[in-house]
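>>> structural data only, the sequence is not supplied:
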């Protein structure tokens, strides 16, 4: 059985967890990170490594994968350790005030502070109730667009009426040979200008748009060949396609964290809005996993939350010290 | 007289003000920025353009000047307008709920929202009470280190016992031909490891260190040639030098903003810690100019504050709309 002793246990190795390594390092604390995914980077690595992000301050544009690389590099002087491919299962507060985290593989990590940076948790796609959909998974049915290039030249049907369905329709219409968007209503739950763009493309015949139906059957011998759309008036229509993307959202599951005695709301961990502390002293939640009034689920907010949480924890553990915030511009970085 | 109409009036064109342009742009709002400095970038441009910053998330290291360039680039699609070299003088709330800002040059800017991102304000160095110090300003006396290279090969005396004095002593000791640090006490108000480093350098004879005196007189014909140190025991000592840097800190002056009816504390504007709203509806304060519990004066925190303040303002102005936060990863950027 592996066991580690560290200063800060970070649950989640996405961008916020990785930046926590840096902020902890400035306070002379080492971090051990645990992530259920086998690689660092969280959603950035898993869902959209090759998609540019435009809202990281100071980067007019950056690929998610590159951002992750940079964050790893930034934390390097502080030598973080990792348990990847392991889910954080249980957390106990020990008598001396420290925490013991146990993972799905039985690894034990002891630390003084816990930073939950688990993003949306271990999330799963919402699957439509179509009898044989499991058969077609990875044979034409994908719930997540991992690489838009995969769809080059293919006939694609997208199901859903939210941001994900609309935005991917707008992206794939440039790549696939044909895209049909199927939604059961004329009302979309998406950004108005995405809806507007989709409507224009549909008017110009560049996007197939069915707004009164849903896909009820899939067919094909080895792999997907066509889907059946049932219109709201009962009429049936067959649409040929290579791929069907049911983009009805991801259903994030907090997983074991939900059972750790923390305040939970909207499938997230409630925190003090000025310190990001949970209801248990020494445990903080940052990034998409935390919830407080006016919370924005943006990576840049998670960075701030990491800095604030760790500095608040420093004050809690060292109430006697007059804490001097160090400016790296004048002092540089001292390796741990 | 110049006059501008915009959505968001941003007071301060430092990194946080520049990032506010981007966040406002995502909400389809245009910005007009006002800054007392003749260039954008705030302290990054004025005080340390050539110094690397290590704590901007995603940048293991970035020159302050480059960060400013990147932020300008990131805001470009939203076409901000600028009044530089003008101080924000007065602010009135008009009957229709909009604001009118007037600058020191009489420029008028009308907008619905005001974002104060004025950093530490129009700050001035604390000058020691030495009779002829004004004569030697720019003739060997500088209150701010603009470019460390300026001191290459020179004999430098630094006065002060805070972070600024110590950290610059540590930097200049590598560049100048000789550095003497003069402080009236053996107690420093600086990061412990900076103090430790300085002590070691002094022991090895690499840094001159006087910890029981202060500089009371300056002499030289055309420019500074020597300073007189009065030791605490009354003894006088003459130290030859080309430059004297009195680094007793900057005394930030909020300036006219202090008279706008906003809550002020610790020379900063008090804000709601979850929206960064001031006590006047429609006016927000972000970055170093704002104060709330657990506030950290870090650029990365100002970025978060910009995003949160503008999204909170959107909710205030459009209470009826279900606000959908846009993810640039899926939607990209739409030029204004």
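On my side now, so go ahead. If you're wondering where the values come from, they're calculated on a predicted model, not measured in any experiment.
>>> can you point out the buried residues in the longest helix seen in chain A?
In chain A, with assignment by DSSP state H, the single longest helix is helix A:299-317. For helix A:299-317, burial by neighbour count (16 or more other CB atoms under 10 Å in any protein chain shown) applies to A:299-314. Where you see a C-beta, it was placed from the backbone N, CA and C, and this is true even at glycine.
>>> one more: stretch A:206-217?
Result for stretch A:206-217 [16+ other CB under 10 Å]: buried residues A:207, A:208, A:209, A:210, A:211, A:213, A:214, A:215.
>>> quick check: the two most widely separated of those residues?
A:207 and A:214 (17.6 Å; CB to CB).
>>> got the residues of the stretch 51-200 of chain A near chain B?
A:51-60, A:62, A:64, A:67, A:70-71, A:73-74, A:76, A:163-164, A:167-168, A:171, A:189-191, A:193-194 (CB under 8 Å from any CB of the partner chain).
>>> quick check: domain ranges of chain A?
Following automatic domain parsing, chain A resolves into domains at A:3-123+A:251-331, A:127-248.
>>> name the stretch among the ones you listed that sits most buried.
Highest mean neighbour count of the domains of chain A: domain A:3-123+A:251-331, a mean of 20 (counted as mean count of other CB atoms under 10 Å in any protein chain shown).
>>> so which of the buried residues of helix A:299-317 reach chain B?
A:300, A:301, A:303, A:304, A:305, A:307, A:308, A:311, A:312.
>>> one step back: let's have the domains of chain A in TSV, adding distance to residue B:27 and mean pLDDT.
Converted to TSV, the domains of chain A look like this (distance: least, CB to CB, whole Å; pLDDT from 0 to 100):
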stretch	distance to residue B:27	mean pLDDT
domain A:3-123+A:251-331	12	91
domain A:127-248	11	94
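>>> for residue B:245, which of those is the nearest?
Across the domains of chain A, residue B:245 has its closest neighbour in domain A:3-123+A:251-331 (13.9 Å, CB to CB).
>>> now the closest one, how far from the centre of its chain.
13 Å (CA atoms, centre = their mean, to the nearest Å).
>>> returning to that earlier point: which of the residues of the stretch 51-200 of chain A next to chain B fall within strands?
Counted as lying in strands by DSSP state E, out of these, are A:52, A:53, A:62.
>>> for the residue nearest to residue A:40 when sequence neighbours are not counted, what are its contacts?
Sequence neighbours aside, residue A:13 is the residue nearest to residue A:40 in space, at 4.2 Å (criterion: CB to CB, 6 or more residues apart in numbering or on different chains). Applying CB atoms under 8 Å, 6 or more residues apart in numbering or on different chains, we find residue A:13 in contact with A:33, A:34, A:35, A:37, A:40, A:41, A:42, A:82, A:84, A:117.
>>> taking these one by one, which sit in strands?
Those of the contacts of residue A:13 lying in strands (DSSP E): A:33, A:34, A:35, A:82, A:84.
>>> got a list of what the third one touches?
Right, the one you point to is residue A:35. A:11, A:12, A:13, A:14, A:17, A:42, A:82, A:83, A:84, A:85, A:86.
>>> excluding its backbone neighbours, what's nearest residue A:248?
For residue A:248, the spatially nearest residue (CB to CB, 6+ apart) is residue A:126, at 4.3 Å.
>>> also residue A:61?
Nearest to residue A:61 is residue A:52, by CB to CB, 6+ apart, at 4.7 Å.
>>> separation between the one you found and residue A:172?
Residue A:52 is 16 Å from residue A:172, where distance means CB to CB, to the nearest Å.
>>> what residues does the stretch 201-336 of chain A put near chain B?
A:273-275, A:292-294, A:296-298, A:300-301, A:303-305, A:307-308, A:311-312, A:324-334.
>>> that older thread, out of the buried residues of stretch A:206-217, which is nearest to residue A:200?
residue A:207 (8.9 Å).
>>> coming back round to it: residues near the residue nearest to residue A:248, how many?
Each residue near residue A:126 was counted by other CB atoms under 10 Å in any protein chain shown, and the total is 13.
>>> quick one, helices of chain A?
Using DSSP H, helices in chain A cover A:15-26, A:43-46, A:64-75, A:133-136, A:163-172, A:192-203, A:299-317, A:328-331.
>>> point to the residue nearest the middle of chain A.
In chain A, the residue lying closest to the centroid (CA atoms, centre = their mean) is residue A:43, at 3.9 Å.
>>> which residues does it contact?
With CB under 8 Å, 6+ apart, residue A:43 has these contacts: A:14, A:64, A:119, A:120.
>>> what about 7 Å?
Listed by CB atoms under 7 Å, 6 or more residues apart in numbering or on different chains, the contact set of residue A:43 reads A:14, A:119.
>>> also residue A:254?
A:121, A:264, A:267.
>>> change it to 10 Å
By CB atoms under 10 Å, 6 or more residues apart in numbering or on different chains, the contact set of residue A:254 is A:116, A:118, A:120-123, A:260, A:262, A:264, A:267-269, A:289.
>>> try residue A:176
Residue A:176 touches A:148, A:150-158, A:169, A:241-243, counting by CB under 10 Å, 6+ apart.
>>> one more pass at 7 Å, please.
By CB under 7 Å, 6+ apart, the neighbours of residue A:176 are A:151, A:154, A:155, A:156.
>>> same thing with residue A:168?
A:145, A:158, A:245, A:247.
>>> residue A:67 now?
Contacts of residue A:67 (CB under 7 Å, 6+ apart): A:15, A:44, A:53, A:56, B:58.
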